[in-house]
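Student: Here is my input; please provide its structure:
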Amino acid sequence: MKYVEKCPRCTGKVIEKMVKEVLYGGINTAFLEVKAGVCLHCGERLYTPEIVKKFEEIESKLENKKTDDFPPVGKSFQVLS
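Tutor: Prediction:
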């Protein structure tokens, strides 16, 4: 997909890159890598509507604990001080 050439935030140059995103839903977290338009000046990330929809679907699954199709990566722990 072709992204805008100028960042809507700072007017810097935008290029397509693979970026890592962390999504949250309830107590669950998912890590994924997606294509985004990234501003070389301020770092603003621009996503296609399809990617935004994918984020929303993943967050909903995380929130509703429908994570059977997500392979586990490790464990999380809460440390109380």
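
Student: At which residues are the helices of the chain located?
Tutor: Using DSSP state H, the helices of the chain run over residues 49-63.

Student: ok, Ile51 - how many residues close by?
Tutor: Ile51 is flanked by 17 other residues according to other C-beta atoms under 10 Å. Placement of C-beta: from N, CA and C, glycine included.

Student: What separation do you get for it and Ile15?
Tutor: 16 Å (C-beta to C-beta, to the nearest Å).

Student: go on, Leu80?
Tutor: Taking C-beta to C-beta as the measure, Leu80 falls 44 Å from Ile15.

Student: For the residue nearest to Lys17 when sequence neighbours are not counted, give me its contacts.
Tutor: Spatially, and ignoring its direct neighbours in sequence, Lys17 is nearest to Val38 (4.7 Å; C-beta to C-beta, 6 or more residues apart in numbering). Val38 sits next to Val14, Ile15, Glu16, Lys17, Val19, Glu44, Arg45, Leu46 when contact means C-beta atoms under 8 Å, 6 or more residues apart in numbering.

Student: Quick one: residues contacting the most centrally placed residue in the chain.
Tutor: The centroid of the chain falls nearest to Glu21 when counting by C-alpha atoms, centre = their mean (3.3 Å). Neighbour list for Glu21: Phe31, Leu32, Glu33, Val34, Phe55 [criterion: C-beta under 8 Å, 6+ apart].

Student: Output the below-cut-off pLDDT ranges for the protein.
Tutor: Residue ranges of the chain with pLDDT under 70: 1.

Student: More neighbours: which of Leu80 and Ile15?
Tutor: Each of Leu80 and Ile15 has its neighbours counted (other C-beta under 10 Å); Ile15 has more, 12 against 3.

Student: what's across from the more buried one in the sheet?
Tutor: Ile15 has these beta-bridge partners by DSSP bridges: Val38.

Student: circling back: what's the PyMOL syntax to select whichever of the contacts of Glu21 are buried?
Tutor: The PyMOL selection below is limited to those of the contacts of Glu21 classed as buried (16 or more other C-beta atoms under 10 Å):
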select buried, resi 34+55
